[in-house]
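Asks: Generate a structure from the sequence data that follows.
(one chain, ligands or ions: 1)
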Amino acid sequence: MNSWFTDFYAAIAKSPLSHWLETLPAQLSHWQKEAQHGDWPQWEKVLKNLPDLPADQVDIQSKVSFTRQPPISDGHQKQLTHLFKRMMPWRKGPFHVHGIDINTEWRSDWKWDRLLPHISELHGRNVLDIGCGSGYHLWRMRGAGAEFVVGIDPSDLFLSQFQAIKHFNPDPNVHLLPLGVEQLPELKAFDTVFSMGVLYHRRSPIDFLAQLKAQLRPGGELVLETLVIEGDVNTVLVPTDRYAKMRNVWFIPSCDALTLWLQRVGFKDIQVVDKDVTSLDEQRRTEWMQTESLADFLDPNDPSKTIEGYPAPLRAIIVAKA
Ligand SMILES: Nc1ncnc2c1ncn2[C@@H]1O[C@H](C[S@+](CC[C@H]([NH3+])C(=O)[O-])CC(=O)[O-])[C@@H](O)[C@H]1O
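Replies: Next up is the predicted model:
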């Protein structure tokens with residue numbers, strides 16, 4: 001893992017991101033020390049055992065698929081399936097690696113298809129994805145032409161899944177760092193910042209929006225995706241306890257309320273470009289994520305409500321300029 005981080009430092013040393021080097025090495029060496037006490041060592045073992053079979057056929061434009069010709073042997077495929085399964089649950093994907101289809105809980109490709117027509121061209125851009133999960137969208141951003149892509153996510157499992165996928169296509173311009181948004185300095189350097197599925201997990205959503213703005217260069221683009229509810233500019237749901245069985249959900253605004261929050265922190269040209277009720281086909285239990293999923297989070301007698309009686313998950317995509 002040392003080399004992942006030193007490769008990243010070298011990649012940004014002469015870029016508009018170089019002043020990140022003032023804080024990042026200390027944070028990542030702290031993470032390395034802490035990680036030794038958690039589940040990380042077990043995933044690191046899996047990573048070390050991955051066979052050395054780089055892909056020679058890469059599709060990151062229409063999906064995330066890494067394969068080679070001739071295909072890998074049945075024995076390697078079995079070994080790889082076994083190693084990937086040791087990294088369950090796989091939530092965000094799907095990934096296709098050497099004939100193995102990692103059918104994740106979420107069809108993250110559907111979210112990508114909904115947002116892509118509405119965002120600025122990614123060609124040549126430096127892109128940050130805050131709360132990137134296992135990095136599915138990082139690959140799609142690169143596939144859409146982004147020059148340099150970095151995701152941050154504090155989950156060690158997602159980092160190990162990302163590195164397992166990257167092992168087969170070691171693109172030096174796609175990175176994931178184990179950080180939370182609160183650890184970012186004000187970089188003011190990215191051309192596009194994505195943050196999808198994170199705002200409702202934040203206790204201070206307006207501070208969070210200001211943190212997103214602080215990563216963008218002037219005129220850069222924010223792509224924000226979050227849970228919303230129907231209502232006017234004063235409508236915000238704060239669940240009394242859980243929302244769809246999630247413990248850590250704090251604020252679910254209406255689109256108008258969210259637009260006002262974005263205005264208040266200084267974003268311009270704010271547009272709600274998509275609203276979509278999450279379907280039972282988009283988030284579901286699979287062979288690769290065998291615990292509860294959306295069907296278990298909804299009222300069995302009325303799927304328009306969560307099990308707690310709140311409106312079922314409705315998600316919006318908003319784009320805005322810094
Ligand atoms: N402080 C934090 N800073 C950054 N990320 C965080 C933080 N806390 C949690 N996360 C991360 O935010 C992601 C949210 S999931 C969206 C994934 C992807 N974006 C998607 O759109 O499919 C949606 C959900 O789980 O509800 C997880 O990967 C967390 O680890």
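Asks: Near Gly145, how many other residues are there?
Replies: 13 (other C-beta atoms under 10 Å). Where you see a C-beta, it was placed from the backbone N, CA and C, and this is true even at glycine.
Asks: Looks like it contacts Leu116 (just checking).
Replies: No: between Gly145 and Leu116 there is no contact under C-beta atoms under 8 Å: 11.2 Å.
Asks: Helices along this protein, start to end?
Replies: Ranges of helices in the chain, per DSSP state H, are 2-12, 24-35, 40-49, 74-85, 108-115, 136-143, 156-166, 205-213, 255-264, 294-297.
Asks: Now stretch 217-227: average pLDDT?
Replies: The average pLDDT for stretch 217-227 rounds to 98.
Asks: Pull up the residues of this structure that are close to the ligand.
Replies: When proximity is defined as C-beta under 6 Å from any ligand atom, the chain approaches the ligand at 92, 106, 108, 111, 130-133, 152-155, 158, 180-182, 196-198, 201.
Asks: number of nearby residues for whatever residue of the stretch 201-322 of the chain ends up closest to the ligand?
Replies: In the stretch 201-322 of the chain, the residue that lies nearest the ligand is His201 (5.2 Å; C-beta to the nearest ligand atom). By the measure other C-beta under 10 Å, the count of residues near His201 is 18.
Asks: nearest spatial neighbour of it, skipping sequence neighbours?
Replies: Distance criterion C-beta to C-beta, 6 or more residues apart in numbering; nearest residue to His201, sequence neighbours excluded, is Asn248 at 5.3 Å.
Asks: how many neighbours does Asp302 have?
Replies: 10.
Asks: Is Asp274 in contact with Asp113, as I believe?
Replies: No: between Asp274 and Asp113 there is no contact under C-beta under 8 Å: 10.1 Å.
Asks: which one of these two has more residues nearby?
Replies: Neighbour tally, Asp274 and Asp113, criterion other C-beta under 10 Å: the higher count belongs to Asp274, 16 against 12.
Asks: thinking again about what came up before, wait, the residue of the stretch 201-322 of the chain closest to the ligand touches Arg247, no?
Replies: No: in this structure His201 lies outside contact range of Arg247 using C-beta under 8 Å: 10.0 Å.
Asks: CSV please, covering the helices of the chain and showing distance to Tyr243 and mean pLDDT.
Replies: Compiled in CSV, those are given as follows (distance: least, C-beta to C-beta, whole Å; pLDDT from 0 to 100):
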stretch, distance to Tyr243, mean pLDDT
helix 2-12, 35, 93
helix 24-35, 29, 95
helix 40-49, 29, 96
helix 74-85, 30, 97
helix 108-115, 19, 98
helix 136-143, 23, 98
helix 156-166, 21, 97
helix 205-213, 14, 98
helix 255-264, 16, 98
helix 294-297, 9, 96
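Asks: Give me whichever of the ones you listed is most buried.
Replies: Of these, the one with the most neighbours on average (mean count of other C-beta atoms under 10 Å) is helix 136-143, at a mean of 26.
Asks: How far off centre is that one?
Replies: 10 Å (C-alpha atoms, centre = their mean, to the nearest Å).
Asks: Show which residues not belonging to it make contact with it.
Replies: For helix 136-143, the external contacting residues (C-beta atoms under 8 Å, 6 or more residues apart in numbering) are 59-62, 64, 92-95, 104, 108-109, 111-112, 122, 127, 129, 132, 149-151, 162, 165, 171, 173-176, 194, 196.
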